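Enquirer: any chance you can model this:
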Amino acid sequence: MPAGSRRLGVIPILIVALSTLLAACTNAGATASPSIAPTPTLAPTASPTPVAGFPVTLTDDEGTAVNLPAEPEKIVSLTPATTEILFAIGAGERIVASDGGSDYPEAAKALPHVATYNSVDIEKVVALEPDLVIVGGLGFTPADSITKLRSLKVPVIVVYARSVDGVYADIELLGAATGENEKATAVTNTMRADMTAVSEAVSGGKKPRVYYEVGYDDATGVIYAPGDDSFVAGMVTLAGADAITGDPATYQIPLEKLIERDPEIIVLGTNPFYNPTPAAVMARAGWGVMTAVKNKDVRPVRDTEITRPSPRLPIGLRNLAAVIWPDATLPAAP
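Expert: Next up is the predicted model:
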């Protein structure tokens, strides 16, 4: 597997649990695609403080109170999802730097990069004199980088959505942090309506058992599925299926458990860095006993909008529902 074979932006995204695996995969030719951070017990995803104007104190997703004395004019965004959110709520022009994975919208590609998926150039960030730095929780942004920035009196908001509702809450949190409350609420209202319409279109029938492949290591046979109660598992559920999930901390699922759950459909989340084929999946040792493999129901789908907790999540749900229910009539996108 080439270096950097991971799904940037999710969300996850197994960054901590699988950083060693990523390094090993580079040389071993494995096809693991760790992309979603594990889901340990944390303080509930915070709703933004309903206060118009500044100064304002907000509570981030790790339970830290962050004081913003004035509306931020210079913002550093260190996850692809938060970069998308800022552009969607009208704060994109205030982003002065991002991470290497921020690739949407098109304007995001031109931003200076001050971070990769596992490192932050603190000196570059500080030199920009940002009023706000937005980072990813649960290891997406290294904890020591967050601590260092805060020690230098840089306001840092940590976000990590552990559910679809958490995605909405994070969008509204960033709306409050940037003074774009009304636009953020408009974005989440549109998302909710669209997601609900898609989910209702595929509800009511028997839910097929679906394994959504988060990653697979060819060298060791280690399998990664959405963690219990993760937002990706929630996406599978909203798409009218029974999600087969892995360990909430490591996202691993033993082959024996996967066989026991016997997926009726295997969905392969693909992107330019991770592109397993149905034929390769069906050829894996021991997988031939599963119903999905017997029936050749191994179906690829574009992964980015499904696993990145951003305003494009309704696109991801529509694509996921279509691949699980190819005969369903889905509502048109708004």
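
Enquirer: okay, CA-based contacts and neighbour counts for the rest of this
Expert: Noted.

Enquirer: domain-wise, how is the chain divided?
Expert: Taking automatic domain parsing as the reference, the chain has its domains at 15-39+203-324, 56-197.

Enquirer: in terms of mean pLDDT, which of those domains ranks lowest?
Expert: Looking at the domains of the chain, the lowest mean pLDDT belongs to domain 15-39+203-324 (a mean of 85).

Enquirer: roughly how far out does that domain sit from the chain middle?
Expert: 13 Å (Cα atoms, centre = their mean, to the nearest Å).

Enquirer: export the domains of the chain to a markdown table and append columns for distance to residue 333.
Expert: Below are those laid out as a markdown table (distance: least, Cα to Cα, whole Å):
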| stretch | distance to residue 333 |
| --- | --- |
| domain 15-39+203-324 | 8 |
| domain 56-197 | 7 |
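
Enquirer: can you add mean neighbour count and give those domains back as a markdown table?
Expert: Converted to a markdown table, the domains of the chain look like this (neighbours: other Cα atoms under 10 Å):
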| stretch | mean neighbour count |
| --- | --- |
| domain 15-39+203-324 | 20 |
| domain 56-197 | 20 |
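
Enquirer: any idea which helix or strand comes after the biggest helix by length in the chain?
Expert: Counting residues, the longest helix found in the chain (DSSP state H) is helix 181-201. Going down the chain from helix 181-201, the next helix or strand is strand 209-213, by DSSP states H and E.

Enquirer: packing partners for that following strand?
Expert: strand 242-243, strand 265-270 (3 or more Cα pairs under 8 Å, 6 or more residues apart in numbering; DSSP states H and E).

Enquirer: how far off strand 265-270 does it point, in degrees?
Expert: On the basis of axes from the mean of the first three to the mean of the last three Cα atoms, to 10 degrees, strand 209-213 is oriented at 20 degrees to strand 265-270.

Enquirer: residues in contact with strand 209-213?
Expert: Outside of strand 209-213, the residues that reach it under the criterion Cα atoms under 8 Å, 6 or more residues apart in numbering are 223-226, 236, 241-245, 261-269.

Enquirer: if we can go back for a sec, now render the helices and strands packed on strand 209-213 as CSV, adding distance to residue 189.
Expert: Listed next are the helices and strands packed on strand 209-213 as CSV, based on distance: least, Cα to Cα, whole Å:
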stretch, distance to residue 189
strand 242-243, 26
strand 265-270, 27
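
Enquirer: hey, where'd the strands end up in the stretch 51-200 of the chain?
Expert: For the stretch 51-200 of the chain, applying DSSP state E, counting those that start in this stretch gives strands covering 56-59, 65-68, 75-77, 95-99, 113-116, 119-120, 132-136, 156-159.

Enquirer: turn these into a markdown table, including distance to residue 274.
Expert: Formatted as a markdown table, the strands of the stretch 51-200 of the chain follow (distance: least, Cα to Cα, whole Å):
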| stretch | distance to residue 274 |
| --- | --- |
| strand 56-59 | 35 |
| strand 65-68 | 36 |
| strand 75-77 | 24 |
| strand 95-99 | 20 |
| strand 113-116 | 18 |
| strand 119-120 | 21 |
| strand 132-136 | 22 |
| strand 156-159 | 25 |
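
Enquirer: for residue 281, which of these is the nearest?
Expert: Of all the strands of the stretch 51-200 of the chain, strand 113-116 sits nearest to residue 281, with 29.8 Å by Cα to Cα.

Enquirer: how far does the closest one sit from the chain's center?
Expert: In terms of Cα atoms, centre = their mean, the centre of strand 113-116 is set 18 Å apart from its chain centre.

Enquirer: run through the neighbouring helices and strands of that strand.
Expert: Other helices and strands packing on strand 113-116, by 3+ Cα pairs under 8 Å, 6+ apart, are strand 95-99, helix 122-127.

Enquirer: do that again at 7 Å, thanks
Expert: Judged by 3 or more Cα pairs under 7 Å, 6 or more residues apart in numbering; DSSP states H and E, the packing partners of strand 113-116 are strand 95-99.

Enquirer: so the strand it packs on versus strand 132-136, what angle?
Expert: 20 degrees.

Enquirer: residue 311: what's it in contact with?
Expert: By Cα atoms under 7 Å, 6 or more residues apart in numbering, the contact set of residue 311 is 85, 191.

Enquirer: tell me where this protein has helices.
Expert: Under the criterion DSSP H, helices of the chain are mapped to 15-28, 80-88, 122-127, 143-151, 164-178, 181-201, 231-238, 255-261, 278-282, 291-294, 304-307, 313-324.

Enquirer: turn these into CSV, including distance to residue 104.
Expert: Below are these laid out as CSV (distance: least, Cα to Cα, whole Å):
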stretch, distance to residue 104
helix 15-28, 21
helix 80-88, 6
helix 122-127, 21
helix 143-151, 24
helix 164-178, 16
helix 181-201, 16
helix 231-238, 20
helix 255-261, 34
helix 278-282, 28
helix 291-294, 34
helix 304-307, 11
helix 313-324, 13
